[in-house]
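**Student:** Fold the following, please.
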Amino acid sequence: MTEKTFAGYCVKCNELGYLMDTDEWNREIGLEIAKEEEIAMTDKHWEVIDWLRDQCKQEVALSVRKVGKSGVVDIKGFYQLFPKGPLKTASKIAGIPKPVSCI
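**Tutor:** So this is what the prediction gives:
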């Protein structure tokens with residue numbers, strides 16, 4: 001576990017850079033993580049992030065297929081928004097744990 005500072009907030013992260021405590025997250029932190037991941041956030045990105053966070057709070061297991069069936073974005077759109085591994089990247093930006101379905 002390491003501590004990182006995003007947008008002036010010190011947060012605990014695991015060795016892969018995922019936040020250890022989802023309650024430490026806010027949009028400013030998400031925006032800083034997105035910059036690190038070279039993602040220029042749009043309203044559609046935030047819509048996906050909000051959906052992922054909601055699913056995490058409900059303890060729903062996430063997968064690319066589930067995101068594609070969410071009604072928020074289809075699979076092709078998900079890959080366009082987050083081209084370097086959509087679920088891993090989006091989860092990191094959302095401040096949620098790396099989904100089990102991601103290798």
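**Student:** can you count the residues close to the closest residue to M1 other than its chain neighbours?
**Tutor:** Once flanking residues are discounted, M1 sits nearest to K12: 5.6 Å by Cβ to Cβ, 6 or more residues apart in numbering. Using the backbone N, CA and C atoms, a C-beta is placed for each residue, glycine as well. If you count neighbours by other Cβ atoms under 10 Å, K12 ends up with 12.
**Student:** Please list all residues in contact with the closest residue to I96 other than its chain neighbours.
**Tutor:** If you skip the residues right next to it in sequence, I96 has C56 as its closest partner in space, 4.2 Å away by Cβ to Cβ, 6+ apart. Neighbour list for C56: T22, L62, A94, I96, P97 [criterion: Cβ atoms under 8 Å, 6 or more residues apart in numbering].
**Student:** Make TSV out of these and add secondary structure, neighbour count and pLDDT.
**Tutor:** Below are these laid out as TSV (DSSP: H, G, I helix; E, B strand; the rest coil; neighbours: other Cβ atoms under 10 Å; pLDDT from 0 to 100):
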residue	secondary structure	neighbour count	pLDDT
T22	helix	14	94
L62	coil	23	93
A94	helix	26	98
I96	coil	20	96
P97	coil	17	92
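**Student:** Pick the one among these closest to H45.
**Tutor:** A94 (10.0 Å; Cβ to Cβ).
**Student:** Please verify my assumption that the closest one contacts K57.
**Tutor:** No: applying Cβ atoms under 8 Å as the test, A94 and K57 come out as separate, 10.9 Å apart.
**Student:** how far is stretch 53-60 from where the chain is centred?
**Tutor:** 12 Å (Cα atoms, centre = their mean, to the nearest Å).
**Student:** again with stretch 62-75
**Tutor:** Taking the mean C-alpha point of stretch 62-75 and that of its whole chain, the gap between them comes to 14 Å (Cα atoms, centre = their mean).
**Student:** what does stretch 16-25 give?
**Tutor:** With Cα atoms, centre = their mean as the basis, stretch 16-25 stands 10 Å off its chain's centre.
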